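Peer 1: Below is the sequence, then the predicted model.
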Amino acid sequence: MLFDTHTHINAEQFNEDLEEVISRAMDNGLEKMVVVGFDRPTIKRAMELIEQYDFIYASVGWHPVDAIDMTDEDLEWIESLAKHPKVVAIGEMGLDYYWDKSPKDIQKDVFRRQIHLAKKVKLPIIIHNREATADIVNILKEEEASEVGGIMHCFGGSVETAKECIDMNFYISLGGTVTFKNARKPKEAAAEIPLDKLLIETDCPYLAPTPYRGKRNEPSYVKLVAEEIAAIKGISYEEVAAKTTENAKKLFGIK
């Protein structure tokens, strides 16, 4: 059985056919998923979904692109939601230097505040990183994020960076990009990182794997991610599915 550790089925792209999407996921062996809320509307929708479906869990946090919009009240709201037994992580959080909506200093402040919150509520964190690896690693070290650990979501960095993050109690999560023909770094990570430190995800509706690249991604496609990792490592698909599911349950405290 499979565990998709990062979905956005709370996005408007799934408004018309969510039941069919979920049915396809289950038909393809999906056992559990985490839906990630990263601003007011998506957090609200994530909380609705975890009440509606037994096998869906939530992560709640604030995306770095929108860091400039986060208020003290928003952070207090996230803290209150963290008490819910099906909220299993804080995030996604981090730094995004590709988009320029939120100044870097504000992004860093919001990132640090969310790490502090995660340590307070004792939940792991989910890290969004776009063109900001050095600053993210430094902040994780400075804030002693290893106390809660978490996930390097949709990892696209070097093996060396991956190992540095693993040393800080983080798992490396691979998504659809690992199936892309020229995606050298995700494939290297799949090959070199021990299976007991790997997770799988879709990040749907974004980054659909081959052969659906450029189309809407969905949780059922996480099977393609597991199959690609198995092929790269030269092990069975069943082993990848079982171990990454075990890893996710351990991290999120799901029995």
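Peer 2: Looks like it came in fine. Numbers count the residues shown, from 1 in each chain.
Peer 1: can you give me the end-to-end distance of stretch 205-223?
Peer 2: Start-to-end span of stretch 205-223 (CA to CA, to the nearest Å) is 15 Å.
Peer 1: what's the average pLDDT for that stretch?
Peer 2: Averaged across stretch 205-223, pLDDT comes to 98.
Peer 1: Check stretch 19-29 too.
Peer 2: Computed over stretch 19-29, the average pLDDT equals 97.
Peer 1: ok, and what's touching it?
Peer 2: Applying CB atoms under 8 Å, 6 or more residues apart in numbering, the external contacts of stretch 19-29 come out as 1-2, 4, 9, 14, 33, 53, 218-220, 222-223, 241. (Glycine included, C-beta is placed from N, CA and C.)
Peer 1: In strands, which of those appear?
Peer 2: Secondary structure assignment by DSSP state E places 2, 4, 33 of the contacts of stretch 19-29 in strands.
Peer 1: For the closest residue to F180 other than its chain neighbours, pull up the helix or strand it's in.
Peer 2: Closest residue to F180 in three dimensions, ignoring its sequence neighbours and counting by CB to CB, 6 or more residues apart in numbering: T210, at 6.3 Å. When secondary structure is defined using DSSP states H and E, no element contains T210, which sits outside every helix and strand.
Peer 1: T210 touches L224, doesn't it?
Peer 2: Yes: using CB atoms under 8 Å, T210 makes contact with L224 at a distance of 7.4 Å.
Peer 1: Was I right to think I151 contacts M168?
Peer 2: No: between I151 and M168 there is no contact, the gap being 11.7 Å when judged by CB under 8 Å.
Peer 1: Which of those two has more residues huddled nearby?
Peer 2: Set side by side, I151 and M168 give different neighbour counts by other CB atoms under 10 Å, the larger being at I151 (28 against 16).
Peer 1: Who does that one form a beta bridge with?
Peer 2: Each beta-bridge partner of I151 is listed here, defined by DSSP bridges: I126, Y171.
Peer 1: Contacts only, for it.
Peer 2: If a contact means CB under 8 Å, 6+ apart, then I151 has 5-6, 89, 91, 124-127, 170-173, 199, 251 as its contacts.
Peer 1: Just among these, which is most surrounded?
Peer 2: Going through these with other CB under 10 Å as the criterion, the one with the most neighbours is T5, at 31 neighbours.
Peer 1: contacting residues for that one?
Peer 2: When contacts are counted by CB under 8 Å, 6+ apart, T5 touches 33-34, 151, 173, 199-201, 248.
Peer 1: switch to 10 Å and redo it
Peer 2: Residues in contact with T5 (CB atoms under 10 Å, 6 or more residues apart in numbering) are 32-34, 36, 57, 59, 88-89, 126, 151, 153, 171, 173, 175, 199-203, 222, 244-245, 247-248, 251-252.
Peer 1: what's the spacing between it and I127?
Peer 2: Between T5 and I127 the distance is 12 Å, computed by CB to CB, to the nearest Å.
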